[in-house]
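Q: Sequence plus predicted model, see below.
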Amino acid sequence: MSLVRLIARPLLASSFVLTGLDRVRKPEESGERLRPNLRRAASVFPQLEPVAAKPALVVRCIGAAQVVSGLMLALGKFPRLSALVLVGSSAATGFNDNAGDSRLLTSNRIKNISLAGGVLLASVDTAGAPSLAWRARHLGHDARKQLAKTNKEVSKTVREGAKDARKTAEGVIGH
């Protein structure tokens, strides 16, 4: 892991861990702000009605997910998955988890959106290692190259074997 990743991941994760801890400890205020979003979701998906009735529980679950994912991101364990969970948890709260005057609200929303952008970048960071998709594409390409090389070698061996067999046959017939 590079020095930049060693420093950047914990810095990026710290805000999510602290916010998550706050949500786990005091879910009521965030739950009330999340309630309208939960109601909208329940109106589209009626099976979510029991969940929408318990916004504090939803906030605690989101907080726990943020703490665990934030710590995993900070430690470099499953960083892409952790980053995606953090982006999802931010989207689930609708970037509206702030109270206060409109100027502070706007500033906090911009901060939250910026943090979401940071974890989106972390979610695609491969730490210098190629992604699974890249490896799969190149594995197929390498396999085709190897197959063509093997085919060429087998054809050459068969031609040489046929040539040797012809010489042997001519030698036997000629005598």
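A: Structure received.

Q: moving C-terminal of the helix or strand of the chain with the lowest mean pLDDT, what's the next helix or strand?
A: Of all helical and strand segments in the chain, the minimum by mean pLDDT, DSSP states H and E falls on helix 102-124, at a mean of 75. The first helix or strand that comes after helix 102-124 along the chain, using DSSP states H and E, is helix 132-174.

Q: what packs against that following helix?
A: Identification of packing neighbours for helix 132-174 by 3 or more C-beta pairs under 8 Å, 6 or more residues apart in numbering; DSSP states H and E yields no helix or strand. Backbone N, C-alpha and C define where each C-beta goes, glycine included.

Q: so where's the chain uncertain?
A: Counting by pLDDT under 70, the chain contains low-confidence ranges at 1, 94-105, 126-129, 131, 174-175.

Q: Hmm, Val68 and Ser89 touching each other?
A: No - in this structure, Ser89 sits apart from Val68 without contact. The criterion is C-beta atoms under 8 Å, and the distance is 10.3 Å.

Q: So which of these two has more stuff around it?
A: Under the neighbour definition other C-beta atoms under 10 Å, Ser89 and Val68 were set side by side, and Ser89 has more, 23 against 14.

Q: Look up how far Leu139 lies from that one.
A: As defined by C-beta to C-beta, to the nearest Å, Ser89 lies at a distance of 34 Å from Leu139.

Q: picking that back up, chain center to the least confident helix or strand of the chain: distance?
A: Relative to its chain's centre, helix 102-124 lies at 18 Å (C-alpha atoms, centre = their mean, to the nearest Å).

Q: what do you get for stretch 157-169?
A: Stretch 157-169 sits 57 Å away from the centroid of its parent chain (C-alpha atoms, centre = their mean).

Q: mind exporting that stretch as PDB, just the C-alpha atoms?
A: Provided in PDB are the C-alpha atoms of stretch 157-169 (Å, rounded to 0.1, in the frame of the first residue of the first chain):
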ATOM      1  CA  THR A 157       5.500 -31.000 -35.300                       C
ATOM      2  CA  VAL A 158       2.900 -32.800 -37.500                       C
ATOM      3  CA  ARG A 159       4.600 -31.500 -40.700                       C
ATOM      4  CA  GLU A 160       8.000 -32.600 -39.500                       C
ATOM      5  CA  GLY A 161       6.600 -36.000 -38.500                       C
ATOM      6  CA  ALA A 162       5.000 -36.400 -41.900                       C
ATOM      7  CA  LYS A 163       8.200 -35.400 -43.600                       C
ATOM      8  CA  ASP A 164      10.200 -37.900 -41.500                       C
ATOM      9  CA  ALA A 165       7.600 -40.600 -42.200                       C
ATOM     10  CA  ARG A 166       7.800 -39.900 -46.000                       C
ATOM     11  CA  LYS A 167      11.600 -40.100 -45.900                       C
ATOM     12  CA  THR A 168      11.400 -43.400 -44.000                       C
ATOM     13  CA  ALA A 169       8.800 -44.800 -46.400                       C
END
